[in-house]
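Participant: With the input below, show me the fold.
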Amino acid sequence: MIAYGRDEDNITNQKPLDPSGALDQPSRLGTRGIVWFIALAMFAVLMADAAQYGIFRDEMYYIACGHHLAWGYVDQPPLIALFARLVTSVFGPSLYAIRLLPALAAFALVLLTGRLAQEMGGGRFAQGLAALCILIAPAYLAFDHLFTMNAFEPLIWMGGALLVLRILKTHNGKLWLWFGILAGFGMQNKNTELFFGFSVFVALLLTQERKQFREPWIWLGGLLALLVYLPNLLWQWHHGWPQLQILEATRAHRDIHLSPLQYFAAQALSMNPIALPIWLGGLWFLFFGRTGRVWRVLGWTFVVMVATFISLNAKYYYLWPVFPMLFAAGAVWIERGLTGAPGRWLKPAFVVLLVVSGALLVPLALPVLPPQTFLRYKNALGIHGTKLEHGTNRQALPQIFADMFGWKNMARQTAQVYNSLPPQDRTQACIFAWNYGDAGAIDFYGPRYGLPDAISGHNSFWLWGPGHCTGAVVIVIGGEKKWLQSRYANVEAAGTIASEWARDDETNLMIWLCRGPKFPSLQKIWPRLRHYD
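Facilitator: The predicted structure follows:
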């Protein structure tokens, strides 16, 4: 039984500890000021780099989804599409506007991580160190640079972790209601919220906090989560559970399989190798720390999540949103461990080492360097390739960077073919793209070139159908000529899409002009064009 009344474990009334005495020293910024300064630095870095390269493949897709608002999509819940619709409606489709919300999410995550350290009893150094870990981690710079669901997931998960801390600290079970609402909101953002909720559930069972299940609040919180998520759940059921089909296809054909050791190495690199002692120390603190064991539920949450993701061969970045709570715990552990005279110089030395390492790793997470310079920099660091990416280009540009190249050129080249058509063909011509990235590029850049919206059989584009396109004249981006000739009497090469830095599978694409369909109408064969992955 955890003795909350003992001095060493009385977290409710405990003053944040700072054995080095740093809290008693004058400070220009103060505890909260340091964390806010780091949060502002995170926001400034992300916004300064917002338009360095081009728009990312998935960003264009989410904007297209925002033009077809619904309670669900083939490959994601509806929240990201709603955000896209709001941002582009208010600010327009500029890169600075599109990437504003992710930068704000990063700002809030830094503040929240500092707050987690404070809730665990951390003083000024611990809160600042925890916040700094977010700024210097390549994972969060990469997450929050792009307008994707991943940018908002850590904030939602760590909001849940903070609520768990408050429940353990105040014994206020009613806070499970807010946890449930937040979890439901998280499910509307990304379905991996299920893993966080499941891990918290198992973690409670593995500790003395299983007593939470004797009260009604945690069950009511679960009911609220289900009610918030219910619209998307019903949408999935109505459309035949497409996200399950996507998951199966991804696991079978696209995901990279990592051993447990490779999985651990990927986490260490993604969080900054110099920060490894912090989050490992946080895990130690949560399980074995004299006061940290009060929060052991969070330690078990991490362990259960790691075991689950490895057993399911989940993508390695699925674990990233949970690390801030380990950074917070580890920062408290370090603050309490570095005492006396050694701590007075070890603390600033460690901070300097973190800042320097973070600066060295920034070009690997953010597109701050021109592509050719980036490749030289990467080679200078001894990074010659990675098994963690797929679809990279021949210059070994990482997928997250390569997927920001070639889209505008694709729309421009397609427009040249479209505008060269005779008027009678142009009025009935439509543009077919093989994947949502190509279709999203036509929809995003097409209006400035007078192009109609693209149609595609890939993921949610298939659900939106062919519209009024009969298939009489179709401009096809990519694909095999033999397959097209089996469906059209006349197939001719009309152009080539080439981009030096785009992914291999998005450059040197042929543009085909197809006439004389061998089928009655595109609407009748549309069901056979569905492609989920």
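Participant: can you give me the strands in the chain?
Facilitator: Counting by DSSP state E, the chain has strands at residues 429-433, 455-456, 473-477, 488-497, 509-517.
Participant: now the ones you listed in JSON lines, with mean neighbour count and distance to Ala126?
Facilitator: For every residue, glycine as well, the C-beta is placed using N, CA and C. JSON lines is the format used below for those (neighbours: other CB atoms under 10 Å; distance: least, CB to CB, whole Å):
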{"stretch": "strand 429-433", "mean neighbour count": "24", "distance to Ala126": "50"}
{"stretch": "strand 455-456", "mean neighbour count": "24", "distance to Ala126": "50"}
{"stretch": "strand 473-477", "mean neighbour count": "24", "distance to Ala126": "53"}
{"stretch": "strand 488-497", "mean neighbour count": "16", "distance to Ala126": "52"}
{"stretch": "strand 509-517", "mean neighbour count": "19", "distance to Ala126": "52"}
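Participant: give me the number of residues near Arg103?
Facilitator: Quick fix: residue 103 is Ala, not Arg. Neighbour count for Ala103, taken as other CB atoms under 10 Å: 23.
Participant: One more: the one 4 residues further on?
Facilitator: Number of residues near Phe107 (other CB under 10 Å) recorded here: 23.
Participant: Which pLDDT value belongs to it?
Facilitator: Looking at Phe107, its pLDDT stands at 98.
Participant: Look up how far Met271 lies from it.
Facilitator: In this view, Phe107 and Met271 are 19 Å apart by CB to CB, to the nearest Å.
Participant: swap in Gln523?
Facilitator: Counting by CB to CB - Gln523 and Met271 are separated by 50 Å.
Participant: Of these two, which one has the most company?
Facilitator: Using other CB under 10 Å as the criterion, Gln523 and Met271 rank with Met271 on top: 25 against 15.
Participant: and that one, what are its phi and psi?
Facilitator: phi -90, psi 0 (degrees, to the nearest 10).
Participant: my guess is it meets Ala137, correct?
Facilitator: Yes: counting by CB atoms under 8 Å, Met271 does reach Ala137; the two are 4.9 Å apart.
Participant: so what pLDDT did the nearest residue to Phe125 once chain neighbours are set aside get?
Facilitator: Of all residues not flanking Phe125 in the chain, Glu335 sits nearest, at 4.9 Å (CB to CB, 6 or more residues apart in numbering). Here, the pLDDT recorded for Glu335 equals 94.
Participant: All the helices of the stretch 301-450 of the chain, residue numbers only.
Facilitator: Taking DSSP state H, counting those that start in this stretch as the criterion, the stretch 301-450 of the chain contains helices spanning 323-337, 340-365, 371-380, 399-402, 407-419, 423-426, 436-445.
Participant: Just name the most buried of these.
Facilitator: helix 323-337 (a mean of 28; mean count of other CB atoms under 10 Å).
Participant: tally of neighbours for Pro277?
Facilitator: As a burial measure, Pro277 scores 14 neighbours (other CB under 10 Å).
Participant: Can you tell me the closest non-neighbouring residue to it?
Facilitator: Using CB to CB, 6+ apart, the closest residue to Pro277 is Gly330 (7.4 Å).
Participant: where's the one you found relative to Arg336, distance?
Facilitator: Gly330 is 11 Å from Arg336, by CB to CB.
Participant: can you tell me how far the residue nearest the centre of the chain sits from Leu141?
Facilitator: The structure's the chain has its C-alpha centroid closest to Asn150; by CA atoms, centre = their mean the separation is 1.7 Å. To Leu141, Asn150 is 12 Å away according to CB to CB.
Participant: wait, what's in contact with Tyr472?
Facilitator: Careful, residue 472 is Ala; it's not Tyr. By CB atoms under 8 Å, 6 or more residues apart in numbering, the residues touching Ala472 are 428, 515, 517.
Participant: Can you tell me who the last one pairs with across the strands?
Facilitator: Pro517 has the following beta-bridge partners by DSSP bridges: Tyr488.
Participant: before we move on, back to that, between the helices of the stretch 301-450 of the chain, which one is closest to Ile511.
Facilitator: Among the helices of the stretch 301-450 of the chain, helix 407-419 comes nearest to Ile511, with 5.3 Å by CB to CB.
Participant: The nearest residue to Val200 once chain neighbours are set aside and Ile55, how far apart?
Facilitator: Ranked by CB to CB, 6+ apart and with sequence neighbours excluded, the top spatial neighbour of Val200 is Thr301, at 5.3 Å. Distance, Thr301 to Ile55, using CB to CB: 35 Å.
Participant: Those two: which is more packed in?
Facilitator: Remark: of Thr301 and Ile55, Thr301 carries more neighbours, 29 against 25, as counted by other CB under 10 Å.
Participant: Tell me the spacing between that one and Phe179.
Facilitator: Thr301 sits 13 Å away from Phe179, going by CB to CB.
Participant: anything in contact with each of these two?
Facilitator: Shared contacts of Thr301 and Phe179, defined by CB under 8 Å, 6+ apart, comprise Val164.
Participant: neighbours of the residue lying closest to the residue nearest to the centre of the chain once chain neighbours are set aside, just the number please.
Facilitator: Spatial nearest neighbour of Asn150, chain neighbours left out: Phe143 (4.8 Å); criterion: CB to CB, 6+ apart. Phe143 has 25 neighbouring residues, counting by other CB under 10 Å.
Participant: Can you pull out the low-pLDDT segments for the stretch 301-450 of the chain?
Facilitator: Counting by pLDDT under 70, the stretch 301-450 of the chain shows low-confidence ranges at 384-395.
Participant: for the stretch 101-250 of the chain, same thing?
Facilitator: Using pLDDT under 70, the flagged stretches of the stretch 101-250 of the chain are 250.
Participant: which stretches of it form helices?
Facilitator: Using DSSP H, counting those that start in this stretch, the helices of the stretch 101-250 of the chain run over 124-135, 138-145, 153-170, 175-189, 193-205, 217-238, 242-253.
Participant: Would you check how far apart the most far-flung residue of the chain relative to its centre and Ala494 are?
Facilitator: Centroid-distance maximum for the chain: Gln424 at 45.0 Å, with CA atoms, centre = their mean. Between Gln424 and Ala494 the distance is 17 Å, computed by CB to CB.
Participant: cool, and Leu100?
Facilitator: Using CB to CB, we find Leu100 at a distance of 38 Å from Ala494.
Participant: Repeat that for Gly160.
Facilitator: Gly160 is 52 Å from Ala494, where distance means CB to CB.
Participant: With Arg344 instead?
Facilitator: With CB to CB as the criterion, Arg344 and Ala494 are 70 Å apart.
Participant: Next up, the contacts around Val417.
Facilitator: 475, 494-495, 511, 513.
Participant: The residues you listed into TSV, with extra columns for distance to Trp284 and pLDDT?
Facilitator: Output for the contacts of Val417, formatted as TSV (distance: CB to CB, whole Å; pLDDT from 0 to 100):
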residue	distance to Trp284	pLDDT
Ile475	60	97
Ala494	62	95
Gly495	60	92
Ile511	58	97
Leu513	64	97
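Participant: Which single one of these is nearest to Ile310?
Facilitator: Using CB to CB, Ile511 comes nearest to Ile310 of the contacts of Val417, at 43.1 Å.
Participant: My read is that the closest one contacts Val476, right?
Facilitator: Yes: here Ile511 reaches Val476: they are 7.3 Å apart, a contact under CB under 8 Å.
Participant: ok, now which ones touch the residue lying closest to Gly173 once chain neighbours are set aside?
Facilitator: Of all residues not flanking Gly173 in the chain, Trp217 sits nearest, at 3.8 Å (CB to CB, 6+ apart). Shown in contact with Trp217 (CB under 8 Å, 6+ apart): 173-177.
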